[in-house]
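Asks: The sequence and its predicted three-dimensional model are supplied below.
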Amino acid sequence: MAKHKKGKKRGKGSDRIRAKKVDPSAPPVEKKKELSISAIKEGTVLDHIPGDATFKVAEILNVDHHNGTVSIAANLQSKSMGKKGIIKIEGKFLTQDEVNKIAIVAPDATVNIIKNYEVKEKIKVKSPDVVDNVVRCSNPVCMTNNEHINTKFYVVKKDPLKIRCHYCERYMGKDDLEIV
Amino acid sequence: MDFKNRDIISINDFSKEELLYILKVVKQMELKPNSNLLKGKILATLFFEPSTRTRLSFTSSMKQLSGQVIGFSNSNITSTQKGESLWDTIKMIQQYADVIVIRHPLEGSARLAAEAAAIPVINGGDGSNQHPTQTILDMYTIQKTKGKLEGLNVGFVGDLKYGRTVHSLVMALSHFNPTFYFIAPDELQIPENYLDELFQKKIKYFKTSDLNRFSKEIDVLYVTRIQKERFPDPVEYEKFKDVYKIDEAFLQHVKKDLKIMHPLPRVGEIDKSVDNTPHAAYFEQAANGIPVRKALLALVLGKIK
């Protein structure tokens, strides 16, 4: 098992990081190199994760407890997003319900199910109206932070994200999110 | 409209039609209370933090309708001290009563209690979050003293940042096409979240720190105490505590039929000389707590439909 997270010391060559041309027809001055991480045989690839949400997505998906290889690349240059993240989870096929959990931090992520190195299915992230037990309430005097109960939030606005706690009714934004 | 077994947790749970229906029942309760309406019913008052008005007015309301009351007003003598969860406390107490009123310092506690209980739960205040029975009595007072709720110019003055009564009343009145005037120092102004909601509902509002600026336009002035306990720094409290004073001099520049409200207790924000003027509505407001709580108890116990 190998888990690669940004900032962690990695052995040389443990990743096959390669450069590829994003758009060969573009003028030379605009050519950009994009980093990618190695392809997987079976599992799930999450791409187009907003640059600042990569590790939150990893936390929501609880990849720490996954037995197969997990590769995480953050702060990759992206033409459309500025910075983005990619997570590849070997040996795990995410379900629609699991994918929906990341919607509050990465609503536009693309999720590909890979079988034998090929994309077999694309799962669209569906923004939920209710977020059950994914994030913690930022209000220290909220009941959920003082008694062992599941959290629940209503999505008030999707962009910029605004959610309301079912219990204390406080609003939270993207910057307040802390994963349960 | 059937309110039997309904929980009263947050003013945001109620539609305009439901609020108007509750106010109609409150009026009925005030004019013709049936003294045997809640005979055989038991109210459990669970007060995990101090309260005088709310606890006593619920107790009095229940007794005036021939119901019985059990409960506590000091959580130090309950199993909470032994580490019992609120969930378990409620699961147990619901076996002893027909309806629960809870006041608890943690926000969301009443919602959790309602989820635990099969019997109706009424929120008597959960931290700085909600106090819906106060909001309903505020609305009833406005309706009674002004003759209507629609289209009023309502001013709020004092601590608009932390005052839960202000937040709830703003949300409740926003069903009735009001114009709001938020009068507070910048540090204590109403949170942006509420302004966002008003903007979305296309409700007109003004923000100012000058008490006199809109005094000739306001129909109802809701005054709140600057809450000492909210200030970590006593010097900051001293700076704001006397920033607004409603006195006879101020009343020279207001509408003839202005009504002044206050959730009480007041400290120094309304001078005693205002008490005997036709503008003062705050004692009547406190008295309205009884018909409001009677109505809510009767509704959730299914005795009025």
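Replies: The structure has been received and is ready for your questions. Numbering: from 1, shown residues only, chains lettered A, B, ... in the order given.
Asks: what number of residues lie near residue 57?
Replies: Reading this off chain A. For A:Val57, the neighbour count with other Cβ atoms under 10 Å in any protein chain shown is 22. The C-beta positions use only the backbone N, C-alpha and C, and glycine is treated the same way.
Asks: actually chain B
Replies: 23.
Asks: I'd say it and B:Lys294 touch.
Replies: No. With contact defined as Cβ atoms under 8 Å, B:Ser57 and B:Lys294 do not form a contacting pair (9.3 Å).
Asks: what's the nearest residue to whatever residue of the stretch 51-200 of chain B ends up closest to chain A if we skip its chain neighbours?
Replies: The stretch 51-200 of chain B approaches chain A most closely through B:Gly108 (2.6 Å), counting by Cβ to the nearest Cβ. What sits nearest to B:Gly108 in space, not counting adjacent residues and going by Cβ to Cβ, 6 or more residues apart in numbering or on different chains, is A:Tyr167, at 2.6 Å.
Asks: Near A:Glu178, how many other residues are there?
Replies: Neighbours of A:Glu178 using other Cβ under 10 Å come to 11.
Asks: That should have said B:Lys24, apologies.
Replies: Counted with other Cβ under 10 Å, B:Lys24 comes out at 13.
Asks: Equivalent analysis for B:Thr277, please.
Replies: Neighbours of B:Thr277 (other Cβ under 10 Å): 11.
Asks: ok, which stretches of the chain are helices?
Replies: Using chain A here. A:54-60, A:96-101 (DSSP state H).
Asks: actually it's chain B I care about, not the one you picked
Replies: With helices called from DSSP H, chain B shows them at B:16-31, B:53-64, B:86-93, B:109-116, B:132-146, B:164-173, B:192-200, B:234-240, B:248-251, B:282-287, B:289-300.
Asks: is chain A contacted by the fifth one?
Replies: Read that as helix B:132-146. No. Helix B:132-146 does not reach chain A (Cβ under 8 Å from any Cβ of the partner chain); its nearest approach is 11.6 Å.
Asks: outside of that helix, which residues touch it?
Replies: Contact with helix B:132-146 is made by B:8-11, B:14, B:19, B:22-23, B:26-27, B:54, B:122-125, B:149, B:152, B:154, B:165, B:168-169, B:172-173, B:219-220, B:222, B:257, B:259, B:261, B:263, B:281, B:284-285, B:288-289, B:291-293, B:296, as judged by Cβ atoms under 8 Å, 6 or more residues apart in numbering or on different chains.
Asks: Could you do the second one as well?
Replies: Contact with helix B:53-64 is made by B:33, B:35, B:38, B:41, B:43, B:45, B:47, B:68-69, B:73, B:101, B:103, B:122, B:124-125, B:131, B:133-134, B:264, B:286, B:289-290, B:293-294, B:297, as judged by Cβ under 8 Å, 6+ apart.
Asks: show me what contacts B:Leu43?
Replies: B:Leu43 touches B:58-59, B:62, B:67-71, B:97-101, B:297, counting by Cβ under 8 Å, 6+ apart.
Asks: Looking at strand pairing, list the partners for it.
Replies: B:Val69, B:Val99 (DSSP bridges).
Asks: What pLDDT is listed against it?
Replies: pLDDT recorded at B:Leu43 is 98.
Asks: And it, how far from B:Ile8?
Replies: In this view, B:Leu43 and B:Ile8 are 13 Å apart by Cβ to Cβ, to the nearest Å.
Asks: ok so, going back, give me the buried entries from the contacts of B:Leu43.
Replies: Applying 16 or more other Cβ atoms under 10 Å in any protein chain shown to the contacts of B:Leu43, the neighbour count classes B:58-59, B:62, B:67, B:69, B:71, B:97-101, B:297 as buried.
Asks: quick check, nearest of those to A:Asp132?
Replies: B:Ile100 (25.7 Å; Cβ to Cβ).
Asks: residues in contact with the closest one?
Replies: B:43-44, B:46, B:90, B:93-94, B:113, B:117, B:119-122.
Asks: So what's the residue count around the residue lying closest to B:Lys91 once chain neighbours are set aside?
Replies: Spatial nearest neighbour of B:Lys91, excluding adjacent residues (Cβ to Cβ, 6+ apart): B:Ala116 at 5.5 Å. B:Ala116 is flanked by 20 other residues according to other Cβ under 10 Å.
Asks: what sits against B:Ala116?
Replies: B:Ala116 neighbours (Cβ under 8 Å, 6+ apart): B:86-87, B:90-91, B:94.
Asks: And the residues you listed, which is closest to A:Ile60?
Replies: B:Trp87 (26.1 Å).
Asks: Find the nearest non-adjacent residue to that closest one, please.
Replies: B:Ala116 (4.8 Å).
Asks: From what I see, the residue of the stretch 51-200 of chain B closest to chain A and A:Cys165 are in contact.
Replies: Yes. Counting by Cβ under 8 Å, B:Gly108 touches A:Cys165, with 6.8 Å between them.
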